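Student: Mind folding the following:
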Amino acid sequence: MEMGEAMYLMYVDESGDVGLVGSPTQYFVLTGMVIHELRWKQTLDELIQFRRDLKLKFGLRLREEIHASPLLSHPGALARIHKASRLEILRRYADKLASMPHLSFINVVVDKKTKAPNTDVFELAWEVLIQRFENTLTHHNFAGPRNPDDMGMIFPDRSDEKKLNALLSKMRAYNPIPNAMATGFRNLQIRCVVEDANFRDSAHSYFIQSADVAAYLLYQQFTPSAYMKKKSGQNYFNRLAPVLCRVASPRDPQGIVRV
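Tutor: Now for the predicted structure:
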């Protein structure tokens, strides 16, 4: 067991939307890609090489963002790449991530149809993701180097910064968790997730783009578009099986936290 630095970094992106009234989507997906800081440079190097391979095969430039949903439906300048090849890029991306055993993906899916009209979907999804990140840190269940005092930091794509950091502050003071075998709650304050969330622009982060691809493929598993269904793209999330954080939800075969 390696000892030393003990910081896990979670890069987060979403698929779907948080709206309840008039929303075109039934599900909201939040995905966190977790990596130990000692594996950060190795992972970046692998992703850069992957992007170089994509450039050679498809002409996708290293600086061009892989944003999964618009890549297929509203590709803009990337329309120069055939649609079947753009889908192949996502398939190859999933396979690349699955080949990196030092990664762990935590996945939260909110079924909005089952929620009361006043439910804050954004806060619900993030609260669950943060709690699973905290729990996995506490139990030392992430891949990579381990330390007795594993800690974590969160790096989301641009979203509601003020609201997310307020939620983190609240959970550090008051985080009621229902008792499994009895009535009542325990106040399990967040202790391992440090600092405010550090927001990143997905256009400039291969790590956020990786989380985006995973979130999109999970969303397509639940409600595939006509094109994805035609091409069996709703099954692509299965390709991530080796790097799914199953301890986040042990009863689910893919470790998906369903709320």
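Student: Correct me if wrong: F58 contacts A84.
Tutor: No: contact criterion Cβ atoms under 8 Å: F58 and A84 do not qualify, at 10.7 Å. Backbone N, C-alpha and C define where each C-beta goes, glycine included.
Student: the more surrounded of those two?
Tutor: Counted by other Cβ atoms under 10 Å, F58 and A84 do not tie: F58 has more neighbours, with 17 against 9.
Student: Wait, a strand at P156?
Tutor: Yes: the assignment for P156 (DSSP: H, G, I helix; E, B strand; the rest coil) places it in a strand.
Student: Who are the contact partners of it?
Tutor: Applying Cβ atoms under 8 Å, 6 or more residues apart in numbering, we find P156 in contact with 11-13, 164, 197, 199-200, 208.
Student: In strands, which of those residues appear?
Tutor: Those of the contacts of P156 mapping onto strands are 11-13, per DSSP state E.
Student: how about TSV for those residues, with distance to A214 added?
Tutor: Output for the ones in strands among the contacts of P156, formatted as TSV (distance: Cβ to Cβ, whole Å):
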residue	distance to A214
Y11	10
V12	10
D13	8
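Student: Quickly name whichever of those is closest to R39.
Tutor: Nearest to R39 among these is Y11, at 12.7 Å by Cβ to Cβ.
Student: surely I177 meets M171?
Tutor: No: the pair I177 and M171 does not pass the contact test of Cβ under 8 Å, sitting 10.5 Å apart.
Student: quick one: common contacting residues for these two?
Tutor: Counting by Cβ under 8 Å, 6+ apart, the contacts common to I177 and M171 are Q131.
Student: okay, these two: which has more neighbours?
Tutor: The neighbour count for I177 versus M171, taken as other Cβ under 10 Å, is higher for M171 (20 against 11).
Student: With adjacent residues omitted, what lies nearest to that one?
Tutor: Distances taken as Cβ to Cβ, 6 or more residues apart in numbering put I190 closest to M171, at 4.4 Å, once the chain neighbours are dropped.
Student: okay, now that neighbour: neighbour count?
Tutor: Around I190 there are 23 residues (other Cβ under 10 Å).
Student: Kindly report the same for the one 4 residues further on.
Tutor: By the measure other Cβ under 10 Å, the count of residues near V194 is 13.
Student: Repeat that for the one 4 residues further on.
Tutor: A count of neighbours around N198, defined by other Cβ under 10 Å, yields 12.
Student: do Q26 as well
Tutor: For Q26, the number of neighbouring residues by other Cβ under 10 Å comes to 13.
Student: and the gap between it and T114?
Tutor: Relative to T114, Q26 is positioned 9 Å away (Cβ to Cβ, to the nearest Å).
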